[in-house]
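Undergrad: got a sequence here, can you build the structure:
(chains A and B)
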Amino acid sequence: MHTRRDFLRTSAVAGGALVVGIGLDGRLLAAPTARAFGPNVWVRIEPSGKTFLTIGKQEMGQGVRTSLAMILAEELDADWTQVSLVQAQPGPDFKELGTGGSWSVGGSWKRLRLAGAAAREMLVAAAAARWGVAADACRTSNGTVTSGARKPIRYGELVADAAKLPVPAAPKLKPIADYKLVGSRVKRLDGPRIVDGTARYGIDVKVPGLLYASIERPPAAGVGVASIDDAAARAVAGVKGVVSFERGVAVVASGTWAAMKGRNALRVGWSAPSGRGFDSDEHWQNLEAAVAEPGVVTRKVGALPAAKGVAARYYYPFAAHAPVEPMNCVAHVKDGRCRIWVPTQAPNRVQGQVAEALGIAPEAVEVTPTLVGGGFGRRLNADYAVEAAQLARKLAAPVQVLWTRPDDMRHGHFQAASIHDMWGAVDGSRAIGWRHKKVSSPHNLSGPPTKEDLADPVAYWQDSSWGAYDVPYAFPAIETSYVRVDAPVPIGPWRSVYSPSSTFARESFVDELAHAAGADPIAFRLAHLDDQTVKIGSLSVDRRRLRRVLELVAEKSGWATPPPPGRFRGVACNVYDGETHVAYVVEVSVPPGRSPDQLPFIVHRVVCALDCGVIINPLGIEQQVDSGVCWGLSNMKGEITFKAGRAEQGTYKDFAVARMSEAPSVEVHLVPSHGEQPFGIGEPTVPPLAPAVANALFAATGRRFRRLPIRISG
Amino acid sequence: MAPTFVVVNRKRRAVTAEPDTPLLWVLRDELGLTGTKYGCGVGVCGACTVLENGRAVRSCQVPLAEAAGKSFTTIEGLSSDGSHRCQKAWIEEDVAQCGYCQAGMILSACALLEEKPEPTDADIDEVIDRQVCRCGSYARIRKAIHRAARAARASR
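TA: Numbers count the residues shown, from 1 in each chain, chains lettered A, B, ... in the order given. Here you go, the predicted model:
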């Protein structure tokens, strides 16, 4: 069954090496060490007390290096000041390093709790034996074991004894209510290295003898090299060679500038494309025409009434990721082995795909993942690592391939454009029918959907329309559907994936229905959220939790009282993956005289109510609300268009992104930690932002803004 | 090729590179100072910002020939131990997410505070609007700049 996290799965890494550490079945195995205490692959304590915590997810700003360390340290009762982080590399112990889907904390939670708890139990057992007391007469705190009035023993002093003990099969976990570190505001562990310039991103990797390469790529799909005139390129000082290979023509040099300069001097004749090439204006016409098709019904509740109702169409653009660190990778192929250093969200996928491309075993590919200067789903794709490996093999030398900003914006993969055809009807103050048809393009990074993918078409297209089929409201009649229109450009994961487009349409249109019913937008939503937990496809949606964040955001924003003069409010809410519940109330104004480089409105204030189950780091969560708000604003500002088969934008000027003057003050109100499971935060803060703003713009202007990016004219 | 002399972080450095090499790549590839980042190469994102005698400049737009004989400070040169008031403010406000743009942001903040020790929000907008953070850390950058300004005021 195709679940939303399947895009994280890599092809199975072959090889029968013994799994040491916590396997997927939860068994804990002791790792023999000479001096340190390392009962599993996640925790290692030195006699000095230095505590090494291994992180098995990729840090791209969402804070996992800190939050996952907090979980380990909490159960371990570590001394936080002694903690150092080790970034895991793909291997037999680490097959699930893929990071995305806002699933790092949720998916790691149980195994990290067990790992920390096991280590703590062994340290306690060692101390108890030394004192001749029972284990339950001991307490741990801050890297120290105590028992009554005895002189406390620091973990470092127990390392040798603890290492001799058997690893407990089922360590006792701390009750979440007793957590002290988890749930507290913890500053990002990487902060000091970021502010002193020593933090190492992929682009910063230097190895002896490193060459630098810049690749001239085919400008459009289906186009190949017809001729190369490289005389001027080779004449550039520092250029070592010009290499034609699978990905295009690489200029290789002794420094980055020489490689870029050499590439600018390259004259490549490209073969004529077979057709006119992809044109997004034409694509919009195709999407519009496809609205008439029935598509695949992805949800049906009751029977739609034969009422005139309200109809509207929403338009959501292509978008790029445009992280500030462009794609890059260092690769070295030597003696049948490959060494990779790369900023990636998917180290195992990199290992597997590089191995496949080079025709060697995955075990022969060693991948060092670095800090990631922005991922957003772009770095789930291993393309830029595979090409570096292919080039490295040709050069028989280590090489860094660095994408320029225009390369990065044009040659990656994109968020798909979509049209949302909405219809709804009310009777008095209640909705009596709801229809949402999404017309869009499936992900195609591994080719179009296969026969196996489409064996259960309802499940497949549900999974392509998060936010549409899983409309959370208790409308008595619902019909959602998906119409497929392929786009012949790479389409793949982008922050919140299928959700921002559907949620923009859904939460804007719920407002249109509320307006038709003469109802307050929050009251209308609440009136359609009963106390049920409903199963929708593979999701379970607890409507009470959505009610809770709506009520909280209404209270904290002062929704019942008028906003300041000249300011207007809008609301939107969403359930992300049935797990994280977010509601926004935004306050906007639409002043005249905005520059063309700015959004045509000002967002003064965002009030956020958020429920993510167990709260790991409230400070990190607040950062992700800032982050999702700015990402959503960027989505309202810039778009990617295609002409003659290629993306037209190539800079942060022509693909406009949110800037400082557009960043609102954000107030975050967290529903207190509850339940036994934390839910994700990297993506859920994106989808409700655009519709909340669009709804506020309606309050401000009386006009509906149904197309992103927002253009206010006249 | 005769070397070109540039002062970087108070040290006189001899650089052997083509005169049109942007200072950005001189710093990163010749001098091994990778704290200054590449984001766009055309002066639009600010990730490459360094200080030249206290003024913020885009190192991707300064060819080596123009940098000759001048004095630059990179993120590595702000302090030996993270104790510059902007670095401290950045930590106190927990500004960074991925962190890639922050060296450029911190140096621009330093330059702003040199020129305007008590910047208004509009002053901050004017300077930082020319830089890109894709993670959306802007609100915290603003708080950190105000905090650094207060810290300077308190220590006067």
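
Undergrad: start to end distance for stretch A:93-112?
TA: For stretch A:93-112, the first and last residues are 14 Å from each other (CA to CA, to the nearest Å).

Undergrad: helices of chain B, residue ranges please.
TA: In chain B, the helices defined using DSSP state H lie at B:23-25, B:64-67, B:85-92, B:102-115, B:121-128, B:138-154.

Undergrad: most packed of those helices?
TA: helix B:23-25 (a mean of 27; mean count of other CB atoms under 10 Å in any protein chain shown). Every C-beta, even on glycine, is put in place using the N, C-alpha and C of the backbone.

Undergrad: chain center to that one, what's the gap?
TA: Chain-centre distance of helix B:23-25: 13 Å, with CA atoms, centre = their mean, to the nearest Å.

Undergrad: also stretch A:679-686?
TA: On CA atoms, centre = their mean, the centre of stretch A:679-686 falls 8 Å from that of its chain.

Undergrad: how about that stretch and chain B, any contact?
TA: No. Stretch A:679-686 is not in contact with chain B by CB under 8 Å from any CB of the partner chain; minimum separation 9.5 Å.

Undergrad: now do that stretch: everything it contacts.
TA: Stretch A:679-686 is contacted from outside by A:62, A:101-106, A:495-497, A:499-500, A:574, A:576-577, A:579-582, A:608, A:610, A:612-614, A:620-621, A:624-625, A:627-629, A:631-632, A:635, using CB atoms under 8 Å, 6 or more residues apart in numbering or on different chains.

Undergrad: buried subset of these?
TA: Buried members of those, counted by 16 or more other CB atoms under 10 Å in any protein chain shown: A:62, A:101-106, A:495-497, A:499-500, A:574, A:576-577, A:579-582, A:608, A:610, A:612-614, A:620-621, A:624-625, A:627-629, A:631-632, A:635.

Undergrad: chain B contacts on the stretch 601-714 of chain A?
TA: Contact residues (CB under 8 Å from any CB) of the stretch 601-714 of chain A with chain B: A:619, A:623, A:626-631, A:634, A:651-653, A:657-661, A:663-666.

Undergrad: excluding its backbone neighbours, what's nearest the residue nearest the centre of chain B?
TA: Taking CA atoms, centre = their mean, the centroid of chain B lies closest to B:L107, which sits 3.0 Å from it. Take B:L107 and drop its neighbours on the chain: the residue closest to it by CB to CB, 6 or more residues apart in numbering or on different chains is B:T49, 4.8 Å away.

Undergrad: pretty sure that neighbour is touching B:A103, no?
TA: Yes. Counting by CB atoms under 8 Å, B:T49 touches B:A103, with 7.5 Å between them.

Undergrad: list the buried ones in the top helix by length along chain A?
TA: Secondary structure of chain A per DSSP H: the longest helix is helix A:104-131. By 16+ other CB under 10 Å, the buried positions in helix A:104-131 come out as A:104-109, A:111-128, A:131.

Undergrad: mind checking the pLDDT average for the helix or strand following that helix?
TA: Next along the chain after helix A:104-131, taking DSSP states H and E as the criterion, comes strand A:139-141. Average pLDDT, strand A:139-141: 97.

Undergrad: swap in stretch A:640-650?
TA: Averaging pLDDT along stretch A:640-650 gives 96.

Undergrad: excluding sequence neighbours, find me the nearest residue to A:L76.
TA: Nearest one to A:L76, counting by CB to CB, 6+ apart, is A:G116 at 3.9 Å.

Undergrad: about what we covered before: just the buried subset of the residues of the stretch 601-714 of chain A next to chain B, please.
TA: By 16+ other CB under 10 Å, these give A:623, A:626-631, A:634, A:651-652, A:657-661, A:663-664, A:666 as buried.
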